[in-house]
Structures are given as structure tokens and as C-alpha cells.
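Novice: No letters, just coordinates:
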């Protein structure tokens with residue numbers, strides 16, 4: 001209303017009338033939502049006020065409506081499942097069709113929410129067990145376990161009940177570091193978990209509420225045959241990357257983001273899964289909304305979805321200008337990097353979400369992009385503006401160089417050399 005956007009007739013007019021925005025522009029409106037007011041940023045009661053991770057600053061509070069949730073599931077999740085149904089049979093050596101009756105180990109936890117005076121939940125806008133209790137039947141972890149408040153205890157049970165299911169097909173989590181925690185937990189508790197499966201008991205040291213522990217006994221039946229199978233397998237991490245398929249012969253996919261800062265964890269997972277299990281990073285999404293879908297399970301790129309938002313792009317060389325000009329979706333140059341700007345149904349207009357992406361190619365008329373980094377995530381000791389991605393690549397290159405042959409890096413100390421001449425290294 002303040003910018004009279006209801007009268008615009010073209011995207012050019014929209015860009016001319018509406019300035020670029022950041023979270024500070026919306027904070028007064030968000031404060032009204034948090035105070036219990038409805039229909040502030042969009043004509044609907046918020047379903048939730050999502051809290052961002054705050055990776056490039058303080059966490060932001062983003063009201064999310066039912067329309068945004070519908071877009072996420074109908075235009076995002078539905079397309080992911082369509083891609084998986086087409087591609088899993090081609091990437092797996094023994095899965096001829098998908099979906100099938102295999103269960104998934106979904107590493108999710110029930111967040112602790114607070115509520116606005118109007119009863120709107122405030123917390124993480126990610127999938128939670130309470131979102132759809134009917135879906136819990138397709139997961140290896142029994143429904144009562146999701147009532148456990150301790151994430152450490154619930155992770156243990158995720159691992160334990162996944163081990164019980166020989167036919168496990170997928171391990172799913174929002175980010176790859178959570179899947180690494182899953183395999184680390186298996187590695188650290190392997191013998192105890194195998195013994196629990198053999199005897200059909202839960203470890204007494206796990207802090208589980210008595211009622212939940214009693215309900216889990218129904219699912220925790222003794223299975224000496226499965227325990228014998230697991231005893232025949234060496235402990236995790238000792239099979240040169242093929243361990244997971246020895247434990248779960250039909251395990252085919254890890255559904256988790258392993259792009260951007262999560263790439264290092266995707267590589268680490270190969271220690272347990274080798275190259276026979278596919279890591280599929282399905283969606284490009286944030287608390288602010290769903291934006292893109294990965295159309296190739298073997299790739300790490302996303303096609304921006306034209307129905308999810310209206311996109312604009314600021315060339316990286318112009319990001320720090322007071323009023324940078326933006327490019328439209330058809331004006332990108334493959335190989336170039338841009339800061340992403342979105343307008344969506346949750347009341348964010350020309351919003352600089354802080355992501356820097358690279359245009360890889362086009363899928364039809366939609367750009368295929370690669371996530372680069374969050375704006376502001378730089379090492380900046382002496383003005384060098386070194387991104388997290390560049391730092392990791394430099395460290396990886398150094399460790400793999402002949403100079404490090406035969407060594408294993410356990411700790412590293414770094415020093416900034418602002419006057420370094422390329423090719424001429426300083427004295428140690």
C-alpha cells in the first residue's frame with residue numbers, strides 16, 4: 001500500500017517504484033505480527049513465523065502463510081518426487097521402481113516453539129514430526145520416539161531403528177552435516193546397538209521418558225537374525241567407503257543439501273557410503289521461501305522455479321553500490337555471479353535474501369544456478385574478502401598437493417599475508 005503496488009502493470013514499473021529491501025525494512029511489520037496482529041504482510045493469518053539461521057548476521061523472523069506452504073509442496077516437493085521416480089531406477093543397481101515399500105530414516109526433531117498472542121507458532125520453518133503425523137508410518141523411527149525432547153537421545157534411536165531395517169532405502173535430513181552426525185553416532189555406538197537389536201532392549205542410560213520408553217518396547221522386538229547379519233559386518237568406517245551397502249543392501253539415496261558450506265560434509269559421507277549411494281540435494285529453499293529444484297540427482301545445481309517467486313539479480317561487482325541495478329531472469333550470463341533478489345507471496349518485495357549464486361546454464365527459460373555463498377560470509381583480516389567456498393577450495397588444494405603426501409592434517413593455523421605476491425611465499 002505504501003508504494004501503491006496495486007496499480008503497477010509491468011515488471012519495469014515495479015522495479016522503478018519499489019526500492020530494494022533488506023530485513024530492516026520489514027522489522028516494524030514483523031513486530032506487529034509477533035504482537036499478535038493478522039494480515040500485516042499478506043492477506044492471511046501466518047501459519048508460522050519462521051526464524052532464519054542467522055548465518056550472515058542476526059536471525060530474522062519471517063511470517064509464512066499457507067499459500068507459501070502450498071507452493072513448497074505442490075511446486076517443490078511434488079517435483080522432487082517426480083524426479084526421484086524417474087531417476088532412482090537408473091542410478092541404483094537393484095531398485096527397479098520408486099516409490100516402493102522401502103522405508104526412510106528421516107532425521108528430524110520436534111522444535112521448541114513459542115507463540116504470538118494470536119497463537120501463531122514462532123520457530124524453525126522446517127519439517128517437524130507434528131506437521132503430519134500420518135507420514136510417520138513411512139519412517140524407520142517409530143512415532144512415539146519423536147516425542148523425545150533430547151536430540152542426542154532421538155539421534156541414537158534414529159540410528160538404532162534404521163539398523164533394524166535391512167531394507168532401508170533413504171536417509172533424509174535438511175543438511176549433510178546431520179547425516180554425518182548419524183554415521184558418527186553409528187560408529188561410536190555400533191557394538192551396543194547390535195546387542196540391543198539382538199536382545200530387543202533399549203539401553204538403560206538413554207534419557208527417555210518412561211511412557212515413551214514403554215511405547216517403544218512394542219517396536220523393539222528381539223531380532224537375533226538381524227543382529228547376526230550386523231555382527232558379520234565390520235564396524236563403520238572400516239570398509240573403504242562401501243560399509244553402508246553392507247549394512248543396508250538396498251540403500252540407494254541420501255536426501256540432503258550438500259551444496260555451499262555443506263559440500264565438505266557431502267564429501268565426508270563418502271567414507272561410509274562410497275560411490276554406490278547417491279547424495280541428492282533436491283531443493284534450493286530458505287525460510288524466505290522455496291526457489292529452485294535440482295532436476296538431476298547427480299548434479300548440484302538448481303533450476304529456479306518461475307512460480308515460486310519473482311527473481312532479480314544484482315551482478316556481484318555492483319553488490320556494494322547504494323542503488324544497484326538488477327537484471328531480469330532472461331538476462332543472466334552463464335558463468336557470472338549474482339546476488340539474488342526475490343519477491344514472493346509472504347510479503348517480501350525486492351528482498352535481498354543474502355545469497356550469492358552463479359548462473360550455470362538455462363533449462364528452457366529458467367536459469368540453472370549454483371549456490372555460492374551467503375553475502376557477508378567472508379574471511380576479511382586485511383581486506384582480502386575471501387569467501388568460505390574459496391577458503392575451502394584453497395585448503396583442499398593444499399592438502400592434496402605433493403608437499404602433504406604421507407601426512408594427515410589434524411590441526412591447522414592460518415596467517416594473513418596482505419602483501420603477498422602470487423608465486424612468492426613468505427618465510428615461515
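Specialist: Now that the structure is in, tell me what you want to look at. None of these values were measured; they are calculated from a predicted model.
Novice: hey, let's count contacts and neighbours off CA atoms from now on
Specialist: OK.
Novice: Next up, the contacts around the closest residue to residue 72 other than its chain neighbours.
Specialist: Of all residues not flanking residue 72 in the chain, residue 290 sits nearest, at 5.8 Å (Cα to Cα, 6 or more residues apart in numbering). Residues counted as contacts of residue 290 (Cα atoms under 8 Å, 6 or more residues apart in numbering) are 71-72, 76, 283-284, 308.
Novice: hmm, which of the residues you listed are the buried ones?
Specialist: 71-72, 76, 283-284, 308 (16 or more other Cα atoms under 10 Å).
Novice: ok, residue 151 - how many residues close by?
Specialist: 15 (other Cα atoms under 10 Å).
Novice: That one: what's it in contact with?
Specialist: residue 109.
Novice: Just the strands from the stretch 201-350 of the chain, written as ranges.
Specialist: Here the stretch 201-350 of the chain has its strands, by DSSP state E, counting those that start in this stretch, at 253-257, 278-280, 283-286, 289-293, 302-304, 310-315, 337-343.
Novice: got a markdown table for the ones you listed, with distance to residue 184 too?
Specialist: Output for the strands of the stretch 201-350 of the chain, formatted as a markdown table (distance: least, Cα to Cα, whole Å):
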| stretch | distance to residue 184 |
| --- | --- |
| strand 253-257 | 15 |
| strand 278-280 | 17 |
| strand 283-286 | 25 |
| strand 289-293 | 29 |
| strand 302-304 | 29 |
| strand 310-315 | 39 |
| strand 337-343 | 35 |
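Novice: will you turn the buried ones among the contacts of residue 290 into CSV that also has pLDDT and distance to residue 354?
Specialist: Converted to CSV, those look like this (pLDDT from 0 to 100; distance: Cα to Cα, whole Å):
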residue, pLDDT, distance to residue 354
71, 93, 22
72, 92, 20
76, 94, 21
283, 96, 17
284, 96, 14
308, 94, 18
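Novice: Looking at these, which one is closest to residue 126?
Specialist: residue 72 (11.3 Å; Cα to Cα).
Novice: My assumption is that that closest one lies in a strand; please confirm.
Specialist: No: per DSSP: H, G, I helix; E, B strand; the rest coil, residue 72 lies outside any strand segment and is helix.
Novice: residue contacts, it?
Specialist: Residue 72 neighbours (Cα under 8 Å, 6+ apart): 289-290, 308.
Novice: what's the pLDDT at the spatially closest residue to residue 165 that is not a sequence neighbour?
Specialist: Leaving aside its chain neighbours, residue 165 sits nearest to residue 140 (7.1 Å; criterion: Cα to Cα, 6+ apart). Residue 140 carries a pLDDT score of 96 in this model.
Novice: mind listing the helices for the stretch 51-200 of the chain?
Specialist: Secondary structure of the stretch 51-200 of the chain (DSSP state H, counting those that start in this stretch): helices at 66-71, 78-91, 151-164, 176-188, 190-199.
Novice: which residues touch the first one?
Specialist: The contact list for helix 66-71, computed with Cα under 8 Å, 6+ apart, reads 44, 46-47, 289-290, 307-308, 345-346.
Novice: thinking again about what came up before, out of the buried ones among the contacts of residue 290, which one sits closest to residue 90?
Specialist: Proximity of the buried ones among the contacts of residue 290 to residue 90 (Cα to Cα) peaks at residue 283, which lies at 20.4 Å.
Novice: what about that closest one, distance to residue 215?
Specialist: 35 Å (Cα to Cα, to the nearest Å).
Novice: again with residue 33
Specialist: 39 Å.
Novice: More neighbours: which of the two?
Specialist: The neighbour comparison of residue 33 against residue 215 (other Cα under 10 Å) goes to residue 33, with 24 against 14.
Novice: Please give the element, helix or strand, for that one.
Specialist: Under the criterion of DSSP states H and E, residue 33 resides in helix 23-34.
Novice: okay, the contacts of helix 66-71 in a markdown table with distance to residue 221 next?
Specialist: Output for the contacts of helix 66-71, formatted as a markdown table (distance: Cα to Cα, whole Å):
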| residue | distance to residue 221 |
| --- | --- |
| 44 | 47 |
| 46 | 43 |
| 47 | 39 |
| 289 | 42 |
| 290 | 41 |
| 307 | 47 |
| 308 | 45 |
| 345 | 48 |
| 346 | 47 |
